[in-house]
Each structure stands twice: as structure tokens, then as C-alpha cells.
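>>> Provided below are the primary sequence and the corresponding predicted coordinates.
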Amino acid sequence: MPSPPISPAAATAYFEFRSAEHVPETHEWPGLHDHPSVDAVAVAGRDDEVPVVDLGCGDPAAVARALARAAEEWGAFLLVGHGVPEGVAARMEEQIARLFALPAADKDRAARRPGEMNGYGRPPYALRFSRLMWSEGYTFAAATIRDEFRRVWLDGGDDYLRFCEVMEEHHREMMALGKRLVDVFFRALGVTDEQIAAGETEREIRETLTATMHLNLYPKCPEPERAIGLAAHTDSGFFTLIMQSPVPGLQLLRRDPERWVTVPAPPGAFAVVLGDLFQLLTNGRFRSAFHRAVVNGDGDRISVPYFLGPPGGMQVAPLAAAVPPGRKPAFRPVTWPEYMRVKGKASGLDASALAMLQVPEEGEEGGVVPPKN
Ligand SMILES: O=C(O)CCC(=O)C(=O)O
Ligand SMILES: [Fe+2]
């Protein structure tokens, strides 16, 4: 990506996507087609079918096996049979479309302030790039919904209340689902139900999960092949439950040969993407997925990643159950905020943050920074 990073003024300036007839230079991304985009279908000799995990299939052992395979080989999957009521996603879409359709002045009041996570605007990592993405976003800690959206709806009236109720409903459903999934992940790692019940760390991880929500609107784009909705990245926390419009846009990088596999968007399914701290927690057995979001020329797409991770003060270290007997943990312990600092530094060095946290094997040189991904 050419430097220098986008200027603070350009990064915060409001861009009117609706009236754009072309993708302006500020939003034009080179290198988007360095690897081909392919559909998630079986191709001879290549596995491009995004795994599907059916939580409701009634066979816990089969669910754990499917999850282990998806987490090891893809770091991502589609989740069905989860029991979240159908209406939740439709209500979310309606409210999010309404939020982003508000006048710029209302949204600007809630603009993210430097150094803060909550607010309207580009995610902090977007500021590293020299180009802008074709999306509008709003990030907030799920525990702060009522306070956060008073910045948008000053009067706290019916529109505000309705919006908050819908966000809270989604938060409740996703947190419950996230906790269920944590247990299935542990089972997929080979931890027994009794060990989970007795294991302090496992219990603490499930009981202290924290959630950040991000609302993404990818407006219809006049030249979708020249713009990107969200640049390629890995999520940093444990895992992300992504609600998406029934319009594909999420892509996963697969290797040998490198290609972007487009994740299907069947109504009712969630896309699940594993984050870097889950890779660390599972001693590298389950891996984070490099992904991006592309835009399209047919219509808007909305997505709501629900990022689950540890509380800020918790040290995340490889689980004993994930470390092979007689071996040392492969990573050193780290808190989420510390990890974010390492990741920020690593991006400047074009290095992998996880590799920087790796504990060298006996007899191996430490401090070597392999190239990113
Ligand atoms: O829009 C999507 O499907 C992906 C969003 C995403 O990866 C993110 O916000 O971290
Ligand atoms: Fe992501």
C-alpha cells in the first residue's frame, strides 16, 4: 500500500457515497485483484467450500468435530442451527439503515474522538492506510448502548429507544450464543465437559467474555472493483459473530494458490471468524482468519460483527489442554490492550504480531520477525 497514511482531515471528512458516480482517487485501492476472488464451491483438488457448523444437529460430538476442522483449516465458518430468532437480523438491518441515513450532523456529533474506541467513523486501524474504504461504521462496547446513542439522539425519544432495544436484543442473543460456542470450542479442543466445569480458566473465559459491536454499512458502489469495503485484516479478540445482509461481501484468504473465497450469505446464518487471541489461547491449533469485505454495484450491504474477547485486564495464555504434553506453551501471555499495541507496532514493521509473541523453541533463535501472513 503506498504511503503516506491518509491525513487526519481527510480521514474524518464526511463523504457522500450516495451521490458518487465514480470511485474518487481517495477511495481507489490498488492491489485488490492481486489474488482472484472465487465462489465458495468445490473445485477439483481445492477445498473452497466454506465449512458449515450446525449447532442444532443434535449430535454434540459431530458438532465438535466440524468445529475443530473449521477452526484448524479455515479459522472461519458459517453457523446455522443456532436458535437465534429470525426477526432479530431484520430488526437490526432496519435500525442500522435508519442510523446511517441520519443527517451528517447527527452522526458527526458521535464521531469517534482520538484514542477512543466508541463512536461513528472509521475504525482506528483504517487510519494506517493511504486510501479510504467504501463504508460507514459505528463501534461501541456492547455494555454502553444507552449512553453511546444519546450522542446521536439528543432527545432520547422514541427513535432512540427503539434503536437501543434492538441493539440490546442482538447483544443478549449474541452473548448467549457466544458463551455456548466457547464451550463447543473447548470440546473441539478435546477438553471434556467435566474438565470445563472444573477448569478455572475455561470458566473464567466464558464468564468474563466482553463484547464490542461494530455496525458496517457498505453503500452500493458505482465501480465496485476499484473500491474496498474493509481492507484485509485479522480480528484481534477471541472470535467474531457476524450478522450480514443476505448479500455476500465477506471474503477469506486461502493459500496454495492464494485466492479470496467469498463467504455465502444465506439468510439466518452467522459468519464466524476467529481472532488472533484465540489462536494464542489454543496454542496455535485454531487459527485466526485473514479476511476483507468487498462492495457491490447492486445494493447496500450491512454487517454487524460482534467481537468477543477477554476483559482488558485478563492475561491470555495458551490453555493447558491445548499444549501437547511435555512441550512449553508456544506464546507468552498477553492482555488484549497489550496485544493491540504489539499489533500496531507489527503493522509498521510489516510483521506478524502473533509471531512477535511466540516463545522460541529450545535451541531456536528468539526475536526473529517472520513476514506477515
Ligand atoms: O462486513 C463483513 O462481513 C466483515 C466485517 C469485518 O471483518 C470487521 O468489521 O472486522
Ligand atoms: Fe474483521
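Good, I have the coordinates. Numbers count the residues shown, from 1 in each chain. Ligands and ions are numbered 1, 2, ... in the order given.

>>> Pull out the buried positions in the biggest helix by length in the chain.
Identified as the longest helix of the chain according to DSSP state H is helix 158-189. Under the neighbour-count criterion of 16 or more other CB atoms under 10 Å, helix 158-189 has 159-160, 163-164, 166-167, 169-171, 173-175, 177-178, 181-189 buried. C-betas here are computed from N, CA, C, even on glycine.

>>> What is that helix packed up against?
Judged by 3 or more CB pairs under 8 Å, 6 or more residues apart in numbering; DSSP states H and E, helix 158-189 is in contact with helix 60-73, helix 87-100, helix 145-148, helix 193-198, helix 200-207, strand 210-218, strand 239-244, strand 301-309.

>>> relative to strand 239-244, how tilted is that helix?
Orientation check (axes from the mean of the first three to the mean of the last three CA atoms, to 10 degrees): helix 158-189 against strand 239-244 gives 130 degrees.

>>> beta partners for Pro305?
Per DSSP bridges, residues listed as beta-bridge partners of Pro305: Ile242.

>>> Confirm for me that it is in contact with Gly237.
No. Using CB atoms under 8 Å, Pro305 is not in contact with Gly237, being 10.1 Å away.

>>> Wondering if the one helix or strand Gly348 maps to reaches ligand 1 at all.
Using DSSP states H and E, Gly348 sits in helix 336-349. No. Shown here: helix 336-349 not in contact with ligand 1 (CB under 6 Å from any ligand atom), separated by at least 13.3 Å.

>>> now the following helix or strand past that helix: mean pLDDT?
Going down the chain from helix 336-349, the next helix or strand is helix 353-356, by DSSP H and E. Summarised as a single mean, pLDDT over helix 353-356 is 94.

>>> Quick check: which ranges of the stretch 1-150 of the chain have low pLDDT?
1-13, 44-45 (pLDDT under 70).

>>> all strands for it, in order.
37-39, 52-54, 76-80, 119-120, 136-141 (DSSP state E, counting those that start in this stretch).

>>> among those strands, which is nearest Glu86?
Nearest of those to Glu86, taken as CB to CB: strand 76-80 at 12.1 Å.

>>> Tell me which other helices or strands that closest one touches.
For strand 76-80, the packing partners by 3+ CB pairs under 8 Å, 6+ apart are strand 52-54, helix 60-73, strand 270-274.

>>> Give me the contacts around the last one.
Residues from elsewhere that reach strand 270-274, judged by CB atoms under 8 Å, 6 or more residues apart in numbering: 53, 71, 75-79, 82, 84, 177, 181, 235, 238-244, 250, 263, 265, 286-289, 291, 305.

>>> among those residues, which are in reach of ligand 1?
Restricting the contacts of strand 270-274 to those near ligand 1 - CB under 6 Å from any ligand atom - leaves Asp235, Ile242, Gln244, Leu250, His291, Pro305.

>>> ok, the last one - contacts?
Same thing as Pro305. Met213, His214, Asn216, Asp235, Thr240, Leu241, Ile242, Val273 are the contacts of Pro305 under CB under 8 Å, 6+ apart.

>>> before we move on, what about the third one?
For Gln244, the contacting residues are Leu250, Ala265, Ala271, Arg301, Ile302, Ser303, Val304, taking CB under 8 Å, 6+ apart as the criterion.

>>> Could you list the contact residues of the stretch 151-300 of the chain toward ligand 1?
Checking the stretch 151-300 of the chain against ligand 1 by CB under 6 Å from any ligand atom, the hits are His214, Asn216, Leu230, Asp235, Ile242, Gln244, Gly249, Leu250, His291, Ala293.

>>> If anything else comes up later, I'll come back, but that's it for now.
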